[in-house]
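# any chance you can model this:
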Amino acid sequence: MVLGQKRIGWNCSSATGGETGKLAPTDITSADVLALYNAGTMEPGFYNLTNMADRGIVVQALSATALSDEASGIFLNPDFQGVGDYSGVAGFAAQKGVWHSALVPAINDVVIWNGFHYKNLTGAVGTEPSGDVVNWLLLPKTTANVGYIQESDFIGYDLVNDAIMWRFDKRVNCVYSYTENFQWGNDSVIGCKDLVGTLVCINNKGIISNIKNLGASSVIIDNTNFGTVLICSFDGGGVFTVNINAGLSFSGNIVTSNKSIVFDSTISHLNKQMVGNVSFFTANLDMSDAAVFTGNVLTILASLNYVGIFTLINNSGAIIDSIVNLPTGRSITFKSGIGNNHVFSHTAIAGAVANDLICDAGAVNNTIVGRTNGTDFLEYSRLGNLNGRINSVIFL
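Next up is the predicted model:
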């Protein structure tokens, strides 16, 4: 591909990843190559831009005036697999993986944080290593034999703007609008495709596989995740934060929405969808929790704003006449847990005030019963500042 032309062949989507082969490039800076390009004096062959990536970017001059924007970046990745050479770390003890607050380190253990290695100085876990100089010492990538793993990845390179446009590695991960916030080099992070460069998982500790971020979403899979995030597709304008605790999973989901979503950390989401104005994500609402239900008022926690189906558990027989924080832009389904029943009490429209329940039958009560087979349910939508019943299924 020639600089300045639209890419029509090989790209991030069609590449197969891995090494680009044996090269014998000329070491030079990107500024010097740009000067040669502008002067029309490049020599056909390969140049290693020594000031780019960790150990350079190898680009190909096709002629005196044409430079391919498909290149090979030489990177130093963190040692996620624990196979690095630590002979340059005095007293090295062990590679402990990504730092987290529950870690129990020993002096001279090495951890990973923000894509860098840090050596423990005190035996205390301290705080995030990037800001804790008392307990952690940065091991720079410019220092030899401190555990980093060298890999060459396919990249798209923009010479004029001196920038990496996308990166594709041997694990079939591809990130457009290239970012260092992705966890490059981890064999447990595979098959991810991010078209907008906002899939943030640099300090994740779990398994991430086949994530597709196809829209303008900012997807954050953060440091609390010890679990598994698999085969998820995000396509929208929202902020999607996956915050998963030990042993839980988030798998097979499709989120196509403009909603701002922070996924609740206590729920395992398997094969759920949020597409447009419909959400099939589920959550329990504990009616014995005063933060959820008190004085006939049901409050939906802000952390559950992505949920479309709520199951009410405990406090059987409770009467609900008002709902606070009902998610907007879509219908919300309520049902009772098995063996429970709950009463939804509606107010006539003339006397209704903010957050009251209303329906087309006036001031009536609906009792929903949770059963193993044939569970009742009600659906509500936000109508101005009121909550309108738009569907009811009560089995007799």
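# which helix or strand in this structure has the lowest average pLDDT?
Every helix and strand of the chain was ranked by mean pLDDT, DSSP states H and E. The lowest is strand 261-263, at a mean of 68.
# which element follows that one toward the C-terminus?
strand 269-270 (DSSP states H and E).
# from the contact counts, what lies against that next one?
strand 249-251 (3 or more C-beta pairs under 8 Å, 6 or more residues apart in numbering; DSSP states H and E). No exception for glycine: its C-beta is placed from N, CA and C like everyone else's.
# wait, G56 sits on F75?
No - G56 is beyond contact range of F75, at 9.7 Å (criterion: C-beta atoms under 8 Å).
# who's in contact with stretch 285-298?
For stretch 285-298, contacts defined as C-beta atoms under 8 Å, 6 or more residues apart in numbering pick out 299-301, 310-315, 318-324, 342, 345, 355.
# list the buried ones in that stretch?
Residues of stretch 285-298 classed as buried: L285, M287, V292, F293, L298 (neighbour count, 16 or more other C-beta atoms under 10 Å).
# show me which of the contacts of stretch 285-298 are buried.
299-300, 310-314, 318, 320-323, 342, 345, 355.
# give me the low-pLDDT residue ranges for the stretch 251-396 of the chain?
For the stretch 251-396 of the chain, the stretches with pLDDT under 70 are 257-267, 276.
# part of a strand, is Y37?
No - per DSSP: H, G, I helix; E, B strand; the rest coil, Y37 lies outside any strand segment and is helix.
# for it, the count of nearby residues, please.
Neighbour count of Y37, defined by other C-beta atoms under 10 Å: 18.
# now do it against A163, distance only.
15 Å (C-beta to C-beta, to the nearest Å).
# now V196
When V196 is compared with A163 (using C-beta to C-beta), they lie 15 Å apart.
# so these two - more neighbours on which side?
V196 (17 against 13).
# secondary structure element for the more buried one?
Per DSSP H and E, there is no helix or strand for V196.
# could you dump the buried residues of stretch 285-298 to JSON lines with distance to N253 and secondary structure?
Below are the buried residues of stretch 285-298 laid out as JSON lines (distance: C-beta to C-beta, whole Å; DSSP: H, G, I helix; E, B strand; the rest coil):
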{"residue": "L285", "distance to N253": "21", "secondary structure": "strand"}
{"residue": "M287", "distance to N253": "27", "secondary structure": "coil"}
{"residue": "V292", "distance to N253": "24", "secondary structure": "coil"}
{"residue": "F293", "distance to N253": "28", "secondary structure": "strand"}
{"residue": "L298", "distance to N253": "26", "secondary structure": "strand"}
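# using JSON lines, lay out the residues you listed together with distance to S87.
Below are the buried residues of stretch 285-298 laid out as JSON lines (distance: C-beta to C-beta, whole Å):
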{"residue": "L285", "distance to S87": "56"}
{"residue": "M287", "distance to S87": "60"}
{"residue": "V292", "distance to S87": "56"}
{"residue": "F293", "distance to S87": "61"}
{"residue": "L298", "distance to S87": "61"}
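# if we only consider these, which is nearest to W136?
Nearest to W136, judged by C-beta to C-beta, of the buried residues of stretch 285-298 is V292 at 40.3 Å.
# in the sheet, who's paired with the residue lying closest to I320 once chain neighbours are set aside?
Among residues not flanking I320 along the chain, L298 sits closest, at 4.8 Å (C-beta to C-beta, 6 or more residues apart in numbering). Per DSSP bridges, the residues bridged to L298 are F293, I323.
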